[in-house]
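Chemist: Got a predicted structure here, sequence first:
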Amino acid sequence: MITTRFAVPLPHAPALPLASLALLQTGLFLIPMIVLGQAIGWPGSLRLPAAEALPLIAENALAVQIGYWAYLLTSLAFLPLALAFRSFLAERGAGGALSDTAAALGVAVAVFKMLGIVRWLSAMPSLAQLYVGNVDPVVRAAVEVAYTALNGYAGAVGELLGVQLVSGLWLIFAGLLLGRIGAAWTGLSGILIGSVFLATCLRTIEPSFAALQSVAVPLALAWFPAFALAVWKRG
């Protein structure tokens with residue numbers, strides 16, 4: 001006797017990859033927050049002068065590697081998240097220029113963040129070892145100049161462009177797109193959080209705006225699980 005088996009579609013299955021990637025953003029980011037926060041006082045350590053930051057990096061070399069590798073993976077995972085969100089929207093008839101732009105912004109977020117982070121896995125540890133292993137004041141002064149210049153440039157790429165400007169734009173676009181599929185409150189909160197990230201860019205004009213990032217980052221960490229739940233319900 002021949003029996004025929006029919007596959008039973010699982011509810012919410014189409015949304016599972018996207019929801020998982022959204023949760024991964026929060027889960028992975030907790031690693032650098034905890035590891036780097038305890039080891040070097042991150043993210044406050046980013047603003048330390050070279051003479052204070054370099055010994056910290058040298059003394060906590062393993063923690064710096066673990067923390068920044070986790071941060072790099074968090075940034076890399078944003079790429080499939082942005083593309084999965086675009087596919088999810090297209091399947092529900094909410095695709096188009098807005099979702100394409102959001103996907104492009106998401107790819108840019110991943111690229112800019114990774115370009116900023118990679119310095120902590122290569123150049124900065126080398127500079128730190130050179131600094132603490134040398135007593136020549138001329139060499140130390142040169143290392144401090146190199147650290148300050150590299151941190152200023154790569155920090156602008158990773159933090160100003162990746163974390164603040166482009167991430168802020170992506171959150172706003174994502175919020176608008178969530179509104180299209182009926183997730184109005186999650187969408188509105190995404191727009192508001194994205195606006196806070198954009199406001200932090202004004203730190204280049206008025207340094208006090210940098211303090212907004214300490215508000216924006218925890219809000220974003222809480223928003224991604226809400227994003228995951230919103231798309232899961234509409235899967």
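Modeler: Sure, I can see it.
Chemist: residues of the longest helix seen in the chain that come out buried?
Modeler: Secondary structure assigned by DSSP state H gives helix 61-91 as the longest helix of the chain. Neighbour-count burial for helix 61-91 flags 63-64, 66-75, 77-82, 84-86, 88-89 (criterion: 16 or more other C-beta atoms under 10 Å). In short, each C-beta sits where N, CA and C put it, glycine included.
Chemist: Buried ones in whichever helix or strand comes after that helix, by neighbour count?
Modeler: Once helix 61-91 ends, the next helix or strand along the chain (criterion: DSSP states H and E) is helix 97-117. For helix 97-117, the neighbour count (16+ other C-beta under 10 Å) marks 99, 102-103, 105-114, 116-117 as buried.
Chemist: so how far is D136 from the residue nearest to V132 when sequence neighbours are not counted?
Modeler: The shortest distance from V132 to any non-neighbouring residue, by C-beta to C-beta, 6 or more residues apart in numbering, is to A58 (4.4 Å). For A58, the distance to D136 equals 16 Å [C-beta to C-beta, to the nearest Å].
Chemist: who's more crowded, these two?
Modeler: Higher neighbour count among A58 and D136: A58, with 18 against 9, using other C-beta atoms under 10 Å.
Chemist: just the strands in the chain please.
Modeler: Taking DSSP state E as the criterion, the chain contains no strands.
Chemist: In it, where is pLDDT below threshold?
Modeler: Along the chain, the model assigns pLDDT under 70 to residues 1-13.
Chemist: Buried residues, stretch 116-134. List them.
Modeler: G116, I117, V118, R119, W120, M124, P125, L127, A128, L130, Y131.
Chemist: In contact with G187, which residues are there?
Modeler: A174, G175, L176, L177, L178, G179 (C-beta atoms under 8 Å, 6 or more residues apart in numbering).
Chemist: mind listing what the closest residue in space to it that isn't next to it in sequence touches?
Modeler: Of all residues beyond its chain neighbours, the one nearest G187 is L178 (3.5 Å), with distances taken as C-beta to C-beta, 6+ apart. By C-beta under 8 Å, 6+ apart, the residues touching L178 are A184, T186, G187, G190, F227, A230.
Chemist: Next, work out how far apart the residue nearest the centre of the chain and A61 are.
Modeler: In the chain, the centroid-proximal residue (C-alpha atoms, centre = their mean) is S75; its distance is 5.1 Å. As judged by C-beta to C-beta, S75 and A61 stand 21 Å apart.
Chemist: So which of the buried residues of helix 97-117 is the closest to G155?
Modeler: G116 (6.4 Å; C-beta to C-beta).
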